[in-house]
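J.: what follows is a protein structure lacking sequence information:
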């Protein structure tokens with residue numbers, strides 16, 4: 001069993017920054033790629049960013065490239081999402097996810113992730 005708990009969401013003005021955290025427990029965190037996804041009201045859950053199990057490779061959705069940064073601290077079993085230059089369209093519930101296979105690379109597909117957190121709300125106002 002894997003538990004993922006997100007934190008750091010909130011209300012921020014456009015142009016501002018937030019850092020999301022996702023604390024993992026229940027298995028060897030450092031062996032698994034991690035990802036962030038988001039879901040806006042009335043929309044499908046979409047990929048935001050992912051990081052490989054070693055943290056060497058990161059990938060991003062085009063919409064957040066050059067504004068968001070994913071990172072991980074395996075000693076703390078935590079993955080982060082630094083979000084800068086936030087826009088209204090970034091408003092969504094943000095979910096942390098752990099890949100279902102050990103030693104995996106960063107992945108964009110939802111179905112590759114076996115464990116999900118409960119999500120944290122990010123609201124960007126104009």
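T.: Perfect, I can see it now. If you're wondering where the values come from, they're calculated on a predicted model, not measured in any experiment.

J.: centre-most residue in this protein?
T.: residue 36 (2.2 Å; C-alpha atoms, centre = their mean).

J.: all helices of this structure, in order?
T.: For the chain, no helices are identified by DSSP state H.

J.: pretty sure the residue nearest to the centre of the chain is touching residue 93, no?
T.: No: if you go by C-beta atoms under 8 Å, residue 36 and residue 93 don't touch, sitting 11.2 Å apart. C-beta: built from backbone N, CA, C; applies to glycine.

J.: which ones are touching the nearest residue in space to residue 100 that is not next to it in sequence?
T.: Closest residue to residue 100 apart from its sequence neighbours, by C-beta to C-beta, 6 or more residues apart in numbering: residue 114 at 3.1 Å. Counting by C-beta atoms under 8 Å, 6 or more residues apart in numbering, residue 114 touches 2, 98, 99, 100, 101.

J.: quick one: residues contacting residue 6.
T.: Neighbours of residue 6 in contact, by C-beta under 8 Å, 6+ apart: 20, 21, 22, 94, 95, 96, 117, 118, 119, 120.

J.: reformat the residues you listed into TSV and put distance to residue 31, neighbour count and pLDDT next to each item.
T.: Shown next, in TSV, are these (distance: C-beta to C-beta, whole Å; neighbours: other C-beta atoms under 10 Å; pLDDT from 0 to 100):
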residue	distance to residue 31	neighbour count	pLDDT
20	22	23	98
21	20	17	98
22	16	26	98
94	23	23	98
95	20	23	98
96	16	28	98
117	18	21	97
118	23	11	97
119	24	18	98
120	24	22	98
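
J.: wait, which of those is closest to residue 106?
T.: Relative to residue 106, the closest of the contacts of residue 6 is residue 96; by C-beta to C-beta it sits at 13.9 Å.

J.: beta partners of that closest one?
T.: Per DSSP bridges, the residues bridged to residue 96 are residue 36.

J.: okay but it is in contact with residue 80, surely?
T.: No: here residue 96 lies out of contact with residue 80, judged by C-beta under 8 Å, at a distance of 9.8 Å.

J.: now for the two: what residues contact both?
T.: What both residue 96 and residue 80 touch, as defined by C-beta under 8 Å, 6+ apart, is the set 20, 22.

J.: that's all I had, so thanks and see you.
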